[in-house]
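Novice: take this sequence and fold it.
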Amino acid sequence: MYRIRVRVPAELQAAVEEMLLGIADATRVQIDGDDVEIFGYSHRQPDADNFAAAMTGAGIRTQACQLETVPDVDWVTRGLTSLPCVRAGRFFLRGSHLPAPLTARHDICIDAGPAFGTGHHPTTAMVIEILDRLAQRRFHPRLALDVGTGAGVLAIVMARLWRCPVLAVDHDPDAVACARENVARNRVTRWVDVVEADGCDATSHVFDAIAANLFAAPLRVMAPQLARSLSTSGYAALSGLLVRQRLPVLHAYANQNLAVQRVVRREDWLTLLLARSRARR
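Specialist: Modelled structure (predicted):
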């Protein structure tokens, strides 16, 4: 088991923890005065130098970034047992260690395992709320896409909302295996197909609904592919970017003739709802 230890000012906790979840199986936070130590645990050896460079590129200064070897403890399971049920829109998201709520129709049971995405992070919850609001406005896609599905939360939500075919893609084989388990656990295998692939390049289909909860850099890079994959009357919900990262992302999608329909902010995180400029609602 490997552990990356990062020490940063407390106000940077959310950003650094989000970045760590891109390379680690689980995280743990220890508060020390005005600073926090964030630990990222992984069964595979992560590249600490590249991670430190990524933080520098994002404008995050760290006092320490160390890679250590630690005893093989199931930090994922240990961390999940302390997570409460979360409400996002009409949905209740919980781990399998918690009982189902009375409203079973909107109950989603997620065990993230080595994949990111239990619904507890603000970015996931914001995307769910936006998708739920679209459904309440009687928007009904014929085909949906979840890019970087992680544990499969957003794909499951779209299947529950619309009962339409959903393609869930992720480049991480562990995430794909985890998402397939969660899709089966939530009984939506009829609608959700989970495949190991990289972003929108995984398909030549056109989608009416796209969800992408990633980071600012990949969101910006994938703008041309996402625009080609979005139908003329479709919507794309993008999340995973910090407020200070919004301008390059907005510019990238404006260049693809995609306009912002709605912006949701929670803490320092943003979620964008986009559609074709000429189809502005």
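Novice: residues near the nearest residue to Asp111 once chain neighbours are set aside, how many?
Specialist: Closest residue in space to Asp111, ignoring its immediate chain neighbours: Ser96 at 5.3 Å, by Cβ to Cβ, 6 or more residues apart in numbering. All C-beta spots, glycine's among them, are computed from the backbone N, C-alpha and C. Using other Cβ atoms under 10 Å, Ser96 is surrounded by 13 other residues.
Novice: ok, Ser96 to Asn186 distance?
Specialist: Distance, Ser96 to Asn186, by Cβ to Cβ, to the nearest Å: 11 Å.
Novice: spit out the residues that contact those two alike.
Specialist: Taking Cβ atoms under 8 Å, 6 or more residues apart in numbering as the criterion, Ser96 and Asn186 both touch Cys109.
Novice: which strands and helices sit next to whichever helix or strand Val263 is part of?
Specialist: Using DSSP states H and E, Val263 sits in strand 258-266. With contacts taken as 3 or more Cβ pairs under 8 Å, 6 or more residues apart in numbering; DSSP states H and E, strand 258-266 sits against helix 122-136, strand 230-242, strand 269-276.
Novice: now render these as JSON lines, adding distance to Arg190.
Specialist: As requested, the helices and strands packed on strand 258-266 are exported to JSON lines (distance: least, Cβ to Cβ, whole Å):
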{"stretch": "helix 122-136", "distance to Arg190": "18"}
{"stretch": "strand 230-242", "distance to Arg190": "22"}
{"stretch": "strand 269-276", "distance to Arg190": "27"}
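Novice: out of the ones you listed, flag the one nearest Gly152.
Specialist: Gly152 sits nearest to helix 122-136 of all these, at 11.2 Å, using Cβ to Cβ.
Novice: what's the angle from the closest one to strand 230-242?
Specialist: Interaxial angle, helix 122-136 versus strand 230-242 (axes from the mean of the first three to the mean of the last three Cα atoms, to 10 degrees): 150 degrees.
Novice: and helix 122-136, how far out from the chain's middle?
Specialist: In this view, helix 122-136 has its centroid 12 Å away from the chain centroid, taken as Cα atoms, centre = their mean, to the nearest Å.
Novice: just the residues contacting the helix or strand that that helix is followed by, thanks.
Specialist: Helices and strands here follow DSSP H and E; after helix 122-136, the next one along the chain is strand 144-147. Applying Cβ under 8 Å, 6+ apart, the contact partners of strand 144-147 are 152, 154-155, 158-159, 162, 164-169, 199-200, 203, 205, 207-212, 214, 222, 226, 229.
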